[in-house]
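# Return atomic coordinates for the entry below.
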Amino acid sequence: MALAERLRSEARCLLEAEKSASDPEAKQKIALRCVELSQRAELIETAETSPELIERYIRSCQYKLAGGLSDAEYRESVEQFLSDLNELLIEVRAEKRSRVSRAMAYHAPRTGSRVSHLAKIGVG
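Numbering: from 1, shown residues only. Okay, here's the model as predicted:
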């Protein structure tokens, strides 16, 4: 899905920036951010076909945030992941509705079908 690929792309850009950084502390922060983005991409890709799994991840993030995270960077990371998950859940539900609508349209009685013909002649 586009969200997972966007996160991976952001991680790749950060890796390029990490190569040019000279400060070891900055390099470490960039590397940790790359790992975080990659992990989020993997979780999102795993969950993208299961609204139930997405909702479980959302509840987990909400629980962490409600507990009061003291590390500001970690809190920001959890908030961003929660935002990504909410976006993904909207996309997955919309796709599911679309599939259901297509299936219903496909199986709907058509003019000239045997069912409508039987109804016209008073059978059934």
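# Need the residue closest to the centroid of the protein.
Leu88 (2.9 Å; C-alpha atoms, centre = their mean).
# is it true that that one touches Ser50?
No: Leu88 is beyond contact range of Ser50, at 10.4 Å (criterion: C-beta atoms under 8 Å). Backbone N, C-alpha and C define where each C-beta goes, glycine included.
# Poorly predicted segments of this structure, please.
Along the chain, the model assigns pLDDT under 70 to residues 1, 99-124.
# Helices of that one, start to end?
Taking DSSP state H as the test, the helices found in the chain are 2-20, 24-47, 51-66, 72-107, 114-120.
# Not counting the first one itself, show me its contacts.
Applying C-beta atoms under 8 Å, 6 or more residues apart in numbering, the external contacts of helix 2-20 come out as 27, 30-31, 33-34, 37-38, 40-42, 44-45, 48, 84, 87-88, 91.
# Just the buried ones among these, please.
Buried members of these, counted by 16 or more other C-beta atoms under 10 Å: 30, 33-34, 37-38, 40-41, 44-45, 48, 84, 88.
# Now do the same contact list for Leu88.
Contacts of Leu88 by C-beta under 8 Å, 6+ apart are 1, 3, 44, 47-48, 54.
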